[in-house]
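J.: sequence plus predicted model, see below.
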Amino acid sequence: MGKKRREEKLRRKTNQRPPLTLKEAFKFFPGLFLRTFLVLTPVTLAMVLLASLGLTFFNNFFVQIAVYLGVYFAFQRFIMGPLYRRPTPRSK
């Protein structure tokens, strides 16, 4: 392995974020739960309203799970935002 390649590999390794410990992750949980609640509550209300208006399609458990998963994955960047924006360690 050449000197440049070795230096580049070392630079990439020092700029990576270390994995979160459980203690550090606890700081993010309230925000994640709140954001998930804000995203999925309107979806739940919409499905209840549509089911009460006669669309029995939304009474199916698997349809509800599919809708929840679709919305969750569509808004995943918003929900997990605090974890994506945490700072990277500075190289010394």
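T.: That came through, no problem.

J.: which secondary structure elements does the longest helix anywhere in the chain contact?
T.: Criterion DSSP state H: the longest helix present in the chain is helix 29-52. Contacts defined by 3 or more Cβ pairs under 8 Å, 6 or more residues apart in numbering; DSSP states H and E place helix 29-52 against helix 61-74, helix 76-79, helix 81-84. From N, CA and C alone the C-beta is placed, and that goes for glycine too.

J.: again, only this time at 6 Å
T.: Packing partners of helix 29-52 (3 or more Cβ pairs under 6 Å, 6 or more residues apart in numbering; DSSP states H and E): none among the helices and strands.

J.: mind starting the numbering at 273 from now?
T.: With 273 as the first residue, the last one maps to helix 301-324.

J.: now it: buried residues?
T.: R307, V311, L312, V315, M319, A323 (16 or more other Cβ atoms under 10 Å).

J.: remind me which residues of this protein are low pLDDT?
T.: Across the chain, residues meeting the criterion (pLDDT under 70) sit at 273, 357-364.

J.: what residue is smack in the middle of it?
T.: What sits nearest the mean C-alpha location of the chain, by Cα atoms, centre = their mean, is M352, with 3.3 Å.

J.: distance of that residue from F333?
T.: 26 Å (Cβ to Cβ, to the nearest Å).

J.: tell me the secondary structure for K299?
T.: coil (DSSP: H, G, I helix; E, B strand; the rest coil).

J.: can you give me how far stretch 289-300 is from the chain middle?
T.: Counting by Cα atoms, centre = their mean, to the nearest Å, stretch 289-300 is centred 14 Å from the centre of its parent chain.

J.: mind checking the end-to-end distance for that stretch?
T.: End-to-end distance for stretch 289-300, by Cα to Cα, to the nearest Å: 16 Å.

J.: quick check: the residue nearest to the centre of the chain vs R278, distance?
T.: Going from M352 to R278 by Cβ to Cβ gives 34 Å.

J.: likewise for N332?
T.: For N332, the distance to R278 - Cβ to Cβ - is 57 Å.

J.: ok, now F301?
T.: 39 Å.
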